[in-house]
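In: Have a look; sequence and predicted model below, questions after that.
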Amino acid sequence: MDAFQTHGAFSWNELMTPDPVAAADFYHQLLGWKFDSMEMGMGPYRVVKVDGQAVGGIMGMPPDAPSGMPPVWGCYVTVDNADETAGECAALGGKVLMPPTDIEGVGRFSVLQDPQGAVFSVIAYLDR
């Protein structure tokens, strides 16, 4: 199974933290993670690599993050269509916390919340 192409599969994990350099160092020492760095417009994005495979990322807090927001790991679930999935979420009693938005060169994602309050992201990758 290719998690980047399979609807419903967990495909990416991402840490937002005020100190991505310290976080990357911690996870490198703890888990042996390696990183590739790329510029994303808000500072470097560190792509987490395990056995040479990209499995997640570490980034600084976005400028519009609520004041005092703690560091948080987020998960992405692959979907066929982020807009349709966001609409279905709302229809099922969930919330759309961030409407479907394009990530240049990657795909379209949305941040959702299930009716019990758990937050997760969905993403439709470009290369499917």
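Out: Perfect, I can see it now. Numbers count the residues shown, from 1 in each chain.
In: ok, now how distant is the residue lying farthest from the centre of the chain from residue 112?
Out: Of all residues in the chain, residue 91 has its C-alpha farthest from the mean position, at 23.0 Å, by C-alpha atoms, centre = their mean. In this view, residue 91 and residue 112 are 12 Å apart by C-beta to C-beta, to the nearest Å. Using the backbone N, CA and C atoms, a C-beta is placed for each residue, glycine as well.
In: got the phi/psi numbers for the residue farthest from the centre of the chain?
Out: phi -70, psi -30 (degrees, to the nearest 10).
In: Now do residue 113: how many residues are near it, please.
Out: When neighbours are counted by other C-beta atoms under 10 Å, residue 113 registers 14.
In: Domain-wise, how is the chain divided?
Out: Following automatic domain parsing, one gets these domains for the chain: 1-75, 79-128.
In: Now mean pLDDT too, for those, in a markdown table please.
Out: Shown next, in a markdown table, are the domains of the chain (pLDDT from 0 to 100):
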| stretch | mean pLDDT |
| --- | --- |
| domain 1-75 | 94 |
| domain 79-128 | 95 |
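In: Look at the spatially closest residue to residue 83 that is not a sequence neighbour and tell me its secondary structure.
Out: Once flanking residues are discounted, residue 83 sits nearest to residue 100: 4.7 Å by C-beta to C-beta, 6 or more residues apart in numbering. Counting by DSSP: H, G, I helix; E, B strand; the rest coil, the backbone at residue 100 sits in strand.
In: Alright, calling it a day.
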